[in-house]
Structure formats: structure tokens, C-alpha cells
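Chemist: Fold the following for me, if possible:
(chains A and B)
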Amino acid sequence: MVIAAIMAGGTGSRMGSTDTPKQFMKLGTKPIIIHTIEKFFYHPEIEKIVVPCPKPWIGHTRDIVEKYFDTEGKIYVIEGGASRNDTLMNALDFIESNFGMDDDTIIVTHDAVRPFLTHRIITDNIRYAREYGACDTVVPATDTIVHSEDGKLISDIPSRIEMYQGQTPQSFRAKKLKMTCESLTEEEKAKLTDACMVFTLRNERVSLVEGEVFNIKITYPYDLKVAQVLLQEECNN
Amino acid sequence: MINTVYRLIAPRLIDVAYKEIEVDKDSLIIRPLYLSICKADQRYYQGMRSQAVLREKLPMAMIHECVAQVIYDKSGRFSVGDTVIPIPNIPVEDDGYTAENYLRSSRFMSSGYDGFLQDYIVMPADRIVPAPEGVSLKVLSFTELISVSVHAITRFERFAAGSRIESIGVWGDGNLGFITALLLHYLYPEVKLRVFGTVYEKLSYFTFADEVYHVDDIGNVKVDHGFECVGGAGSRPAINQIIDCINPEGRISIMGVSENFVDINTRMMLEKGLCMFGSSRSGLEDFKRTVEILKKYPEIVQYYENLVGDVVEVKKISDIHKAFELDIKRNFGKTVLKWEK
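Modeler: Sure thing, here's the model as predicted:
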């Protein structure tokens, strides 16, 4: 079984003064999260979609999901966690309890605020998660990455040719991901800034999936403006 | 849903655009598997249309020949994973008389409306035909072009009913000539098929024809009816040669597109009582008949496999450019895009 987890746990603290979490803001005619869920809803390999979101927003999320989808028992809105890692664990627990989890269960995790992903990216994620156990969607870094340990002086400048910018989806064999997450110490968990780190901390292979530069994450008001402009391009059609 | 569309915004310049798409209960979502480049696409790509036309039609996703896979079907007519052929002509009315591809109100994808270079294609369910099983997807990518020939032949059958059909001439040794001639050979096996062209090498591919002629050396050969599959600057000499060597009361099917007006020998047209008719594009019934023909005559499919030229895997926009540039250099055969975008 292939299950998508649309990570909508964020409360939008970086979106300026707005109180509405960014995933619920409108892009074109629909909330951003609806555009994102649609990409998975219409992908024939995705059998279930789990949407972890902040507890106060569960009712709102269920309402808009019902408004835009004839869900056919495919979309499940659940409570997210305090951190991204907790949210991921909640999603994994829900999947195991409700759909079962075996070695062939694939989880495709994706930011609710990346609505521009393509069908091919989802397909490649499923393929590479099956093949390698884990994969991460990336694009080659265009800016030079500068490493600083103290935030004041450059420690080193890694070769740009080996640098990539991480996007989502990140996809995994769900059972292996859950077991590996559970094996982490509290110290290791504190270091986690990315789901794929669960695997790299244990020296497990994580394959790269080619992303798209336009698979942007709508984090700041600037991003939302860019997304609106992209969608409002006038054409003769 | 936000769809990603790959549009020609100016000659040789393709950019990504995004548009919201809606799927209603009569529509389905398909994704291209293989696409094929048509001469009309090339005219846009190379900027060979007038500036006024380019200004009016661009930006626009090119390509109207494709075989696709069903991703989602709300209409319930198809199953997810079915291989299908989309019909680029979208009629918006039925006046009871005019074929859908001649209604001026019809929309044609890749001519003023986005063609098939898209991540998802939303199509009305009645604009899709199931692909025949066992036929090469690369051949099926240019089903639309085959259906254009089938449409012209169907019209010929209507206009030539009751007339003598002992010999048919096909002018043009390119893809359209090859496709049309082969269909005529199988649909009318008793009829003498004569092919007229300008390139000996290309004429040598028409092994199924009864006779092939270089247009500069046709002697006194006569045909009962003629199909013009030349177009462009070659339209004038081709049409006039047909008029010269066609028997009285013959039918002439014009299929080649010319950007310029063409002088024709009207005196001889009148003296011979000829009937000339044009054909353009195709509609649902033509696609259905095409699929039936491909099912019935596997030999036709085998011949058409020889038309498949370069097959370009498309993962990046630069791959689309690569396919178009390769196609420019090709003087026979079809350039096919394997959609991996």
C-alpha cells in the first residue's frame, strides 16, 4: 500500500502577522493545502492520504476536504504533533493502527505548502522508496552554501557541485522508518531537522529524486506572492 | 488542481506555466505516454507562421498527437491505467449538418488552445477513444495523423460513390502520403495504387504501391482519382499534375496545407468535370474508424512502425527542444517524444 502524508502541522509563524496557518491561505481559487492534496488524490498509486494538522484546525481541515473532494474513504485528517518529528510519528501510528503496516507499505511525506509538485515527482518517490527504502526530493544548489559553526565566521565552504537543496516529498518504507525513529535516542531526536536524517543517522541509504525548481515551499509572504503571480499568468487559453 | 503546462511563448522558447484545472463528472484526467510532432507544431516552433498568427496563438502548449494513460475518471467510462487516444478537436455545438472538425466554433488543442505538452490533460470523456491492444505505443502516438487520412478517405468514399475506382494516385512521398497510400492499399486492394513523389529514396519506401513515379517522369499515366499530400510550395505543381493526368469526373482530395494561394488550371478542371474537395483534421468517428482499421490490419501497423524515427525521452524542457531540432533535420518519418516529465 502507498500512503501519502500531507504534513500540515505548521502554524504559519513565519507568514507575517496573519493568524491563519499558511496551508489554509488561498492560492487561486482554493486553499493551498487543497491544491497539494489534489496532486496525491488523483495519483493512481496513492491509496490513502493522511493529513496531520494542528489540533485547533482539524475541524476546519475536515470541512474544506469534504467541500473539495468526494473522499471515498481516501483522505483522513488527524492530529499533528508538537514538532515535525512528532507529527510524522502520529502519521505512522495512525497508518499502522488503521491500515496495517508491512514491509511493502510506502509512506510519501510532503509539505502541505508545496502545491506545485508534479506527477512525475510522486511517481519517482514511490519507485525509489521501494528500491532504496528511502528517498529525498532535491534540486542542485544554485547558491553557494556557506557553513558557519558560530554564526559569525565561515567554518568552510562545501563544493557547490556536491550540494543539493532539499524539497519534499520524502518517501520511505514505512515500517523501516517507524522502527528507525523508535530506535533514536532523545539526543538524536533533538538533532532532527529533516525526516531523511532518521536514515542518515543510522547510515542507511537515502536515494535522490530529481525535484523541480518550481516545487517551491510557500513559507514567507514573498513566496505566496510569487505563487499567486505564477498562477495568474495571463494567456490566450 | 494546479497543472504544469509547457508552453511555447515565442519561436524556440518554451516556458513552464501553471493553471488551475477542474475535473467535472464528465471529464477525465490523462497523462501523455508518447507524443508525436506534427508539421503544424514545427511551423509554430520555428516561427514560420505570420507575426499576427503568432501573436494571437502564443503562448500555447504544442502537440496534438498523443497516446495517453487514464489517471482519474469521474465519468466511470474508463479504468485507471487504460491506454487511450485523446481527440484534439473539441466541438462546442452540433448544427446537424457540419462535421465537428469543420465547425468554426470547434476548439483545436495546439492551435489557439493548449495542446498535449502538459503534466495532466483534462479531457471530456467523449473525446477519448480506447487504444487498440497490442499496437506499438510509438505508432499510436500519431493516431491523430492517421485519422486525418482516414477522414479524407471517408470523404472520398462519399464524394466518389458510384464513380469508377480502378486507379488512385497519391501525390506526396512524405509521412502523410505514406500513411494515406498505405490505407488506400489495404482498404482498396483491387485498385491500382500509384504514388508520385520527388525523392527516389523516399519513393522506394512505398513498396506496397503498384507503381511509383518521380513527378518529372510520369509518362502518360492516368488515374481515376487523386490525393494531394504535398502542401507548401509543392501544392501548385502537385495539384496541376493531378488535374493533367486524372480521368474525367475524377475526385481530387486536397490534404496539404499551403500558407500561400495556389494557382490551378481551372480550364481543365471544368473540361474534365472534376470535383475537388478539401479535408482538414478529423473527428470522433474518424478516430473510431482508425482504431478499427489498426485492429483489423496488423500489417498496416507494421509498416507504420517504420515511420517511427527518433524517440526522445523528455525529462527536461531541453529534451523538448532536442526533439524539435531533430525533427527539423528529418525528411521522412515521425519524431516521437516519450513523456517522462
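
Chemist: alpha carbons only for contacts and neighbour counts from here, please
Modeler: Noted.

Chemist: Any idea how many residues pack against residue 179?
Modeler: Just so you know, I chose chain A. Number of residues near A:Met179 (other C-alpha atoms under 10 Å in any protein chain shown) recorded here: 10.

Chemist: hm, I was asking about chain B
Modeler: Per other C-alpha under 10 Å, the neighbour tally for B:Ile179 reads 22.

Chemist: Quick one: name the residues of chain A near chain B.
Modeler: Within chain A, the residues that sit near chain B (C-alpha under 8 Å from any C-alpha of the partner chain) are A:28, A:34-36, A:38-39, A:42-44, A:115-116, A:118-120, A:230-233, A:235-237.

Chemist: Narrow the residues you listed to those that are buried.
Modeler: Using 16 or more other C-alpha atoms under 10 Å in any protein chain shown as the burial test, the residues of chain A next to chain B include A:28, A:34-36, A:38-39, A:42-43, A:115-116, A:118-120, A:230-231 as buried.

Chemist: which helices and strands sit right next to the longest helix along chain B?
Modeler: In chain B, taking DSSP state H as the definition, the longest helix is helix B:143-159. Secondary-structure packing of helix B:143-159 (3 or more C-alpha pairs under 8 Å, 6 or more residues apart in numbering or on different chains; DSSP states H and E): strand B:65-73, helix B:175-187, strand B:251-254, helix B:284-296.

Chemist: contacting residues around the residue in the stretch 201-341 of chain B positioned nearest to chain A?
Modeler: Nearest residue of the stretch 201-341 of chain B to chain A: B:Lys341, at 6.0 Å (C-alpha to the nearest C-alpha). The contact partners of B:Lys341, by C-alpha atoms under 8 Å, 6 or more residues apart in numbering or on different chains, come to A:Arg120, B:Asp119, B:Val314, B:Lys315, B:Lys316.

Chemist: Spatially nearest residue to A:Ile46 (excluding sequence neighbours)?
Modeler: A:Val2 (5.2 Å; C-alpha to C-alpha, 6 or more residues apart in numbering or on different chains).

Chemist: Same check on B:Phe206?
Modeler: Setting aside the residues directly before and after it, B:Phe206 is nearest to B:Phe178 in space (C-alpha to C-alpha, 6+ apart), at 7.0 Å.

Chemist: What is the burial count for that neighbour?
Modeler: When counting by other C-alpha under 10 Å, one arrives at 27 neighbours for B:Phe178.

Chemist: Distance check, it against B:Phe227.
Modeler: 11 Å (C-alpha to C-alpha, to the nearest Å).

Chemist: quick one: least confident helix or strand in chain A?
Modeler: Lowest on mean pLDDT, DSSP states H and E among the helices and strands of chain A sits helix A:186-191, with a mean of 86.

Chemist: Now the very next helix or strand once past that one - C-alpha only, CSV.
Modeler: Remark: after helix A:186-191, the chain's next helix or strand is helix A:197-200, criterion DSSP states H and E. Only the C-alpha atoms of helix A:197-200 are listed here, as CSV (Å, rounded to 0.1, in the frame of the first residue of the first chain):
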residue,chain,number,x,y,z
MET,A,197,18.1,12.4,8.8
VAL,A,198,16.4,9.5,10.6
PHE,A,199,18.0,7.2,8.0
THR,A,200,21.3,9.0,7.6
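
Chemist: would you list every one of the helices in chain A?
Modeler: Counting by DSSP H, the helices of chain A are A:32-41, A:58-68, A:84-99, A:119-132, A:174-183, A:186-191, A:197-200, A:221-231.

Chemist: okay, the ones you listed, which one's buried deepest?
Modeler: Neighbour counts (mean count of other C-alpha atoms under 10 Å in any protein chain shown) averaged over each of these peak at helix A:32-41, with a mean of 23.

Chemist: Using PDB, write out every CA atom in that one.
Modeler: This file holds the C-alpha atoms of helix A:32-41, laid out as PDB (Å, rounded to 0.1, in the frame of the first residue of the first chain):
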ATOM      1  CA  ILE A  32      -3.000  25.900  -0.700                       C
ATOM      2  CA  ILE A  33      -3.500  22.500   1.100                       C
ATOM      3  CA  ILE A  34      -6.300  21.500  -1.300                       C
ATOM      4  CA  HIS A  35      -4.100  22.100  -4.300                       C
ATOM      5  CA  THR A  36      -1.500  19.900  -2.700                       C
ATOM      6  CA  ILE A  37      -3.900  17.100  -1.600                       C
ATOM      7  CA  GLU A  38      -5.300  17.100  -5.200                       C
ATOM      8  CA  LYS A  39      -1.900  16.000  -6.600                       C
ATOM      9  CA  PHE A  40      -2.000  12.900  -4.400                       C
ATOM     10  CA  PHE A  41      -5.700  12.300  -4.700                       C
END
